[in-house]
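[1] below is the sequence, then the predicted model.
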Amino acid sequence: MCSFAQITSLHSFEWMGHPLYRTMATLNQMHRQGKPKPPPRSLSATFGCPQLKAVVLKTMIRKPKKPNSANRKCARVRLSNGKEAVAFIPGEGHNLQEHNVVLVEGGRTQDLPGVKLKVVRGKYDCAHVVKKKQ
């Protein structure tokens, strides 16, 4: 049978020879601290908007992550809120050049790290995907 001193020494830490116990906060301490605030909600890639207008700064080709192998067409764009981002251009072939105005929406491309926007085809200067004639 263990004594009370042995049991408390098992569950407490010592600091400079004195036992340290973790106790609950008193009502005064909790009142002084205030209500616990929820963590701030992180904004989406389009900063809370469904779509954003953007200007193409540069078109580029990105390589996807490890198991995949391709050349993904992307564009560096300046959003209407002043921020710059990389947007994926879906579909086969595109007509985008520098200074074209495009509409971007949220939605990341899984195999492209850091690309969280997609260009909307058929809006502003970005043409629809052309169906190939046989």
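    Great, that's in hand.
[2] quick check on the residue lying closest to residue 127 once chain neighbours are set aside: phi, psi?
    Among residues not flanking residue 127 along the chain, residue 95 sits closest, at 4.8 Å (CB to CB, 6 or more residues apart in numbering). Placement of C-beta: from N, CA and C, glycine included. Per-residue torsions, residue 95: phi -110, psi 20 (degrees, to the nearest 10).
[3] show residues contacting the longest strand anywhere in the chain.
    For the chain, the strand with the greatest residue count under DSSP state E is strand 51-62. With contacts defined as CB atoms under 8 Å, 6 or more residues apart in numbering, strand 51-62 is touched by 46, 71-81, 84-87, 89, 94, 96-105, 112, 115, 120, 124.
[4] can you name the next helix or strand after that strand?
    Using DSSP states H and E, the helix or strand that follows strand 51-62 towards the C-terminus is strand 72-79.
[5] what's the following helix or strand after that following strand?
    The helix or strand immediately downstream of strand 72-79 is strand 84-88, counting by DSSP H and E.
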